[in-house]
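1. make a model of this:
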Amino acid sequence: RERTFEFTDGLTAILGSNGSGKSTILQAIRFALTGVNSNAGTKAHNVNVHAGKKAAAYVSLVFEHAGTEATVTRHLQHGKPSVLLEFAHGNAVDGDAAVTAKIEEFLGVSTEILNDIVIVGQ
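-> So this is what the prediction gives:
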């Protein structure tokens, strides 16, 4: 399902009851920025992969850093990864490794830091 969330500057807390999707939001952000799918090998991952065969299942994240806006889109299609990073000024990068490297360069942090520190669940 399509959902849009807007986060303002500063600290954001996501509150809700169990099973309401709080962790899913964090997993989607992590997947968009790093390509790491926290559900890989799980029932949820299998559902996403099979859904991706029938529909254009994807995560798209628009974010800003140092005054520059970027959009990263990662598709959840089994055996056919599709990744694109577009900047507001017109430049674009595609391909999983190239996009991940460009995000690391753009944000000035490694994928490991994004996974371990920047995106903190519960």
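2. going forward, measure contacts between C-alpha atoms and count neighbours the same way
-> Noted.
3. so where's the chain uncertain?
-> 1, 39-56, 77-81, 117-122 (pLDDT under 70).
4. at 50 what do you get?
-> Residue ranges of the chain with pLDDT under 50: 52.
5. quick one: the helices in it, in order.
-> 22-34, 43-54, 96-107, 111-113 (DSSP state H).
6. turn those helices into TSV, including mean neighbour count.
-> Converted to TSV, the helices of the chain look like this (neighbours: other Cα atoms under 10 Å):
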stretch	mean neighbour count
helix 22-34	19
helix 43-54	14
helix 96-107	17
helix 111-113	14
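7. in JSON lines, list those helices along with distance to Val62.
-> Output for these, formatted as JSON lines (distance: least, Cα to Cα, whole Å):
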{"stretch": "helix 22-34", "distance to Val62": "10"}
{"stretch": "helix 43-54", "distance to Val62": "21"}
{"stretch": "helix 96-107", "distance to Val62": "12"}
{"stretch": "helix 111-113", "distance to Val62": "18"}
